[in-house]
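>>> with the input below, show me the fold.
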Amino acid sequence: MSTLIPATVRPDTDRHRIRSLSPLQMTALAAALVMVLPASANGLDSRDLDALERQLQTMERSLQEQRREIEALRREQAAQREQQATLAPERAIRSGNDAVKLSISGQINRGVMIVDDGDSSRLFNIDNNASSSRIRAIGEARPAPGAMIGSALEVEFRVNNSFTVSQFDRRSTDTSAFRNRRVEVFADHERLGRLWLGMGWTATEFVAEQDLSGTAVAGYSDPRVMGGGMFFRDKNSGELSDIRLLDVSDNMDGFGRDTRIRYDTPRFGGVQLRTSVVNDGAVDVALNYSGRLGPANVAAMAGWANFSELNLGPATFDDLIAGSASVLLDEGPLKGLNATIAAGRMDRIGSGPDAEFRYVKLGYQGDFFRSGKTALSIDFHQTDDLQQSSDRLRAYGLQAVHTIDNWGTDLYLNVRNHEFDRTGRNFDDLMIGMAGARVRF
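Predicted coordinates:
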């Protein structure tokens, strides 16, 4: 009568198969046994009945084990959901208008800066002006396909601004430590372009600052953002002079941010034309390109502005022309290599040479660590004839930035040596180093 016992449930030879059966298979097998037993019960001896009982007990134990495994999986999944809810809580910020999408973002960027002016070294706790601490609120509504109406409110907090602290003012009394960056509305249409109104970027903002190196938070074409308020020391007298780094260097980056009306055309093949009129009637125009050329990402910009129309007091310069370009290889054997150049000229009103600047940066990006990308670069900046004829400022720098993706954090380091030459005078070099962290939210 042993032939009545299904071969797949023999307790001694196929127990591992029983454990691998699903609950549905176990139930079907038990039902089959129930159907078979009444039909053949009269022909079963005690050994057959004992064998069937052992098989049923084995099946019951397997079902219990599978139930326990299922419950353990359910508990594990519940714990994972709870952990995810803790790490990413439900967003509670909502717009006051259901038709408008509201986005809140910002960053804190703090660092330490060490300055050696040739006689002494000083340490400063600063806010990095290369990318200051700030918070912004962006509102966007889409009234029709391809159209958007938006608004932007952004303020920054530059406590101990790295641009203005000095040997005489280690706790910067900069009155613009808290100031507006953007207070504007804008309208965008994919076929008509974008119109901006209010306080924000003029058309020539970033004209000399196109930079794909990944190290701009540490240092870019403007050397003033790190230690601009530092005074050069007169080598002959040993005393600090009245000449600051910001007096003799400039990257000629257009009108910057101002109260203006601005128009951007749609992009055609990556090219966009921008123009703006600021509050005093000054006009600027810029041409921007962003796109790919073969294995490289390319960003380039050139522009013109007239400083004499800004009414900022006695005008020293008139027309400004500047531009910059940056190339990053992101494919092929040279992936990660990048190069950036920038240059500009400001026409001096009256006699004297025009002021000029030039800049070059070479860099490399790589995934050296699992936590995120690392970017390294070296750069050179030169400004000529800015404050006086024959003035020359040279800056040589080294930058490093490591991004920790899961923390939204950039760790950075920048070291620059500044040499200043003026006819008839000698100055010690300014060596400035800065290290810090930018946490984005």
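>>> low-confidence regions, this protein specifically.
Along the chain, the parts satisfying pLDDT under 70 run over 1-44, 84-92, 172-177, 311-315.
>>> change it to 90
For the chain, the stretches with pLDDT under 90 are 1-99, 158, 169-179, 279-281, 307-316, 350-352.
>>> quick one: the helices in it?
15-20, 23-40, 46-87, 245-248 (DSSP state H).
>>> which residue ranges of the stretch 51-200 of the chain form strands?
With strands called from DSSP state E, counting those that start in this stretch, the stretch 51-200 of the chain shows them at 101-116, 121-127, 134-141, 147-157, 178-189, 193-201.
>>> just checking, what packs against the first one?
The criterion is 3 or more CB pairs under 8 Å, 6 or more residues apart in numbering; DSSP states H and E, and the helices and strands that strand 101-116 contacts are strand 121-127, strand 134-141, strand 430-440. Every residue, glycine included, has its C-beta placed from N, CA and C.
>>> pull up the pairing partners for that strand, direction included.
Strand 101-116 has the following strand partners under DSSP bridges: strand 121-127 (antiparallel), strand 134-141 (antiparallel), strand 430-440 (antiparallel).
>>> so which of these gets nearest residue 221?
Comparison of the strands paired with strand 101-116 against residue 221 by CB to CB identifies strand 430-440 as nearest, at 15.9 Å.
>>> what's in contact with the closest one?
Here strand 430-440 makes contact (CB atoms under 8 Å, 6 or more residues apart in numbering) with 105-118, 126, 128, 131, 162, 217-218, 226-227, 230, 232, 245, 407-418, 420.
>>> mind checking which of these are buried?
106-109, 111, 113, 115-118, 126, 128, 131, 162, 217-218, 226-227, 230, 232, 245, 409-416, 418, 420 (16 or more other CB atoms under 10 Å).
>>> residue 405 touches residue 374, doesn't it?
No - here residue 405 lies out of contact with residue 374, judged by CB atoms under 8 Å, at a distance of 11.8 Å.
>>> look at these two and report which has more neighbours.
residue 374 (19 against 10; other CB atoms under 10 Å).
>>> could you check how far the more buried one is from residue 211?
16 Å (CB to CB, to the nearest Å).
>>> most packed of the strands paired with strand 101-116?
strand 430-440 (a mean of 20; mean count of other CB atoms under 10 Å).
>>> list the residues that contact the closest residue to residue 117 other than its chain neighbours.
Excluding its sequence neighbours, the residue lying closest to residue 117 (CB to CB, 6 or more residues apart in numbering) is residue 233, at 4.7 Å. Residue 233 makes contacts with 117-119, 239-241, 427-428, as judged by CB under 8 Å, 6+ apart.
>>> just the buried ones from these?
Here, 16+ other CB under 10 Å leaves 117-118, 240-241, 427-428 buried among the contacts of residue 233.
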